[in-house]
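K.L.:
Got a predicted model here, sequence first, then my questions.
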Amino acid sequence: MRIVFATAELSPIATVGGLAAAAAGLVRELRIQGHQVDLLLPDYGGVELVDERISTLEVPSWVGPARVRSGRHAVVGDIHLIAVAGIERSHPYLRPDGEGWPDNTERFLGFSRAVAAFVEANRPDVVHVNDWHTATTLAALDGSIPSVLSLHNLAYQGTAAADWIPKIGPRGLHYEWWGGLNPLTGAIALADRIIAVSPNYSREIRTPEGGFGIDEALGFRGDAVVGILNGIDTEIWDPATDPLLVSTFSALDLTGREANRRALSERMGFASDHVPLATVVTRLTEQKGIDLLLPIIPVLAEVPVRLAVLGSGDASLSAQLHAAARSHPESFAFVEGYDEALSHQMFAGADMFVMPSRFEPCGLTQMQAMRYGAIPVVTAVGGLVDTVIDLDLDPRQGTGVVANAADPVAVMAALFRLARRITDTRRRERIQRRIMSIDWSWAEPARKYVTIYRDLVTTD
Ligand code: ADP
Ligand code: GLC
């Protein structure tokens, strides 16, 4: 099958959150399974391609001609980097001070029109767009090519003033929402299938509580809305071969894990003893619920549990985490930043991994953590429900602990419940072997996407 796949993020070229990893993982697996994917990404600048060809794409609209750099990227493989006015920036969405670029609407609506022009020129079997940044592509197409919209996060909708509606394409009116333009609701109306990144998220977003104000738009689409759980790249995330670890290990032989635990404890300034060690690897946003951990920090020493957080984002939350680390250095550590190497080490060295999300479309970190033997403590939201089975509900197949609410008391109870359970080393290792053996690869999810593409092509 020939698929045009458009995304605003892609690992390792343009990484902000899980969209980057999910897009890269799915496209890689689709290619392994024999499909031809034209991968379209904004040309934010600074990316080198081998065998580069430069062409000009006529984009019939205010956007003007777009420059397309096509070639092979060392990690990603074949890719088309598309430049429209203003797209080239140091960060896809944010200025250095953390605020959004003031022209993000123009940048991504322009990019989406260029994607549509590419689709028209190449006539693939299917066009697949992701989140609001590429959602208005469908406004500029006539619907004759089957389309799929993936929903990675409804919290970001890219809404804009109504005067943008006529600019996105002939089918722009579908994007009108409460007097303005909503890229997501328009694409939800026009896409042949809408795929949420986990089955549970596909249900939550059709409820008023989980629908971010657009649950009704999703409700209208009935069975066209489905959920497919993301995978992770099991080659990058493999403790048996990971060059970023102090020592490698596997479900069959956990021996090397202890050295990682020791190295991590030392780096976090903790004593190297048997006190359960929990980690967090995250963006610091409201979604991730990291503020819920703040009231827990002063009591960690009493349980005892140690907790280390790696995260970047919200400045006031960072300041609070730094302050807590200064007050409780023996049991809490905070490393501010986005640090890929350290993230691997935090999964490999921890006994537990904490993810107290208020909402979580899929979540990749809990899967990465499990692959490295860090037992997850999560809230019962989104993809966390699809990936973590509570050990108390099912002691034989349980994979972690699920807090019954996204509040400090429930998260604390869940964390301490797991800490108590794993003081017995044999018991802990049994759970670790189990979670490390789960197949989180993209093979199965990619097959599900292909089944959907095929359905659309044959019923067309
Ligand atoms: P989201 O996309 O909402 O941020 P996900 O769990 O889907 O959450 O994906 C986050 C991705 O980014 C994962 O691959 C994770 O390992 C990585 N990541 C998140 N925060 C950090 C960080 N502070 N340092 C390094 N990697 C991070
Ligand atoms: C979003 C969501 C996250 C999901 C990721 C990839 O960033 O916040 O839960 O895993 O997209 O689909």
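P.N.:
Arrived safely. Ligands and ions are numbered 1, 2, ... in the order given.

K.L.:
so how far is His328 from the residue of the chain positioned farthest from its centre?
P.N.:
Each residue of the chain has a distance to the centre, and by C-alpha atoms, centre = their mean the biggest one is for Glu302: 34.4 Å. Counting by C-beta to C-beta, to the nearest Å, the gap from Glu302 to His328 is 11 Å. C-beta: built from backbone N, CA, C; applies to glycine.

K.L.:
Leu218 too?
P.N.:
43 Å.

K.L.:
of those two, who's got more company?
P.N.:
Higher neighbour count among Leu218 and His328: Leu218, with 24 against 17, using other C-beta atoms under 10 Å.

K.L.:
Stretch 302-317 near ligand 1 at all?
P.N.:
Yes: Stretch 302-317 reaches ligand 1 (C-beta under 6 Å from any ligand atom) through Leu310, Gly311, Ser312.

K.L.:
Domain map for the chain?
P.N.:
Domain assignment for the chain, taken from automatic domain parsing, gives 2-231+442-459, 257-436.

K.L.:
Now do the same contact list for the residue of the stretch 151-300 of the chain found nearest ligand 2.
P.N.:
Here the stretch 151-300 of the chain gets closest to ligand 2 at one residue, His152, 3.4 Å apart by C-beta to the nearest ligand atom. Neighbouring residues of His152 by C-beta atoms under 8 Å, 6 or more residues apart in numbering: Gly18, Leu19, Ala22, Asn130, Asp131, Val197, Pro361, Cys362.

K.L.:
Relative to the strand or helix carrying Ser55, what are the paired strands and their orientations?
P.N.:
Here Ser55 sits within strand 50-57, counting by DSSP states H and E. Paired neighbours of strand 50-57 in the sheet (DSSP bridges): strand 66-73 (antiparallel).

K.L.:
And the pLDDT for the residue farthest from the centre of the chain?
P.N.:
On the pLDDT scale, Glu302 is placed at 93.

K.L.:
show me what contacts the residue nearest to Ala85 when sequence neighbours are not counted?
P.N.:
Nearest residue to Ala85 in three dimensions, chain neighbours excluded: Gly110, at 6.4 Å (C-beta to C-beta, 6 or more residues apart in numbering). Contacts for Gly110 were tallied using C-beta under 8 Å, 6+ apart; they are Val59, Trp62, Val63, Val84, Ala85, Gly86, Ile87.

K.L.:
got the phi/psi numbers for Gly110?
P.N.:
Note on Gly110: its backbone torsions stand at phi -70, psi -50 [degrees, to the nearest 10].

K.L.:
That one and ligand 2, how far apart?
P.N.:
Distance of Gly110 to ligand 2, given as C-beta to the nearest ligand atom, to the nearest Å: 23 Å.

K.L.:
gap between that residue and ligand 1?
P.N.:
For Gly110, the distance to ligand 1 - C-beta to the nearest ligand atom - is 24 Å.

K.L.:
Quick check: pLDDT value at that residue.
P.N.:
Reading off the model, Gly110 has pLDDT 98.

K.L.:
One more: Gly311?
P.N.:
For Gly311, the model assigns a pLDDT of 98.

K.L.:
Contacts only, for it.
P.N.:
Residues in contact with Gly311 (C-beta under 8 Å, 6+ apart) are 280-284, 288, 290, 318, 321, 334-337.

K.L.:
Return the member of the residues you listed nearest to His80.
P.N.:
Closest approach between the contacts of Gly311 and His80, by C-beta to C-beta: Arg283, at 27.8 Å.

K.L.:
helix/strand/coil for that closest one?
P.N.:
strand (DSSP: H, G, I helix; E, B strand; the rest coil).

K.L.:
quick one on the thing from earlier: reformat the contacts of His152 into TSV and put pLDDT and neighbour count next to each item.
P.N.:
Converted to TSV, these look like this (pLDDT from 0 to 100; neighbours: other C-beta atoms under 10 Å):
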residue	pLDDT	neighbour count
Gly18	94	24
Leu19	97	26
Ala22	98	27
Asn130	98	25
Asp131	98	24
Val197	98	27
Pro361	98	30
Cys362	98	26
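
K.L.:
Mind checking which of those residues are in helices?
P.N.:
Gly18, Leu19, Ala22, Asp131 (DSSP state H).

K.L.:
what's across from Ala6 in the sheet?
P.N.:
Those that pair with Ala6 in a beta bridge, by DSSP bridges, are Leu40, Val129.

K.L.:
can you pull the contacts of the residue nearest to Ala24 when sequence neighbours are not counted?
P.N.:
With sequence-adjacent residues excluded and distances taken as C-beta to C-beta, 6+ apart, Ala24 is closest to Ser11, at 4.3 Å. Ser11 sits next to Ala20, Ala21, Ala23, Ala24 when contact means C-beta under 8 Å, 6+ apart.

K.L.:
Likewise for Leu244?
P.N.:
Leu244 neighbours (C-beta under 8 Å, 6+ apart): Glu340, Ala341, His344, Gln345.

K.L.:
quick one, what contacts the first one?
P.N.:
Contacts here follow C-beta under 8 Å, 6+ apart; on that basis Glu340 touches Leu244.

K.L.:
Also the third one?
P.N.:
His344 makes contacts with Trp237, Asp242, Leu244, Leu245, Tyr372, as judged by C-beta under 8 Å, 6+ apart.

K.L.:
Could you identify the buried members of the residues you listed?
P.N.:
Buried subset of the contacts of His344 (neighbour count, 16 or more other C-beta atoms under 10 Å): Trp237, Asp242, Leu245, Tyr372.

K.L.:
Could I get these in CSV, plus columns for secondary structure and pLDDT?
P.N.:
Converted to CSV, those look like this (DSSP: H, G, I helix; E, B strand; the rest coil; pLDDT from 0 to 100):
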residue, secondary structure, pLDDT
Trp237, coil, 98
Asp242, coil, 98
Leu245, coil, 98
Tyr372, coil, 98
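
K.L.:
looking at this, Ile82 is in a strand?
P.N.:
Yes: assigned with three-state DSSP, Ile82 falls within a strand.

K.L.:
Help me confirm that it comes into contact with Ala66.
P.N.:
Yes: counting by C-beta atoms under 8 Å, Ile82 touches Ala66, with 5.4 Å between them.

K.L.:
overlap in contacts of the two?
P.N.:
Leu57, Ala114.

K.L.:
which non-adjacent residue is nearest the residue in the chain that ligand 2 sits nearest to?
P.N.:
Nearest residue of the chain to ligand 2 (C-beta to the nearest ligand atom) works out as Gly18 at 2.8 Å. Among residues not flanking Gly18 along the chain, Leu364 sits closest, at 4.8 Å (C-beta to C-beta, 6+ apart).

K.L.:
OK, contacts around the one you found?
P.N.:
Shown in contact with Leu364 (C-beta under 8 Å, 6+ apart): Gly18, Ala21, Ala22, Asn230, Ile232.
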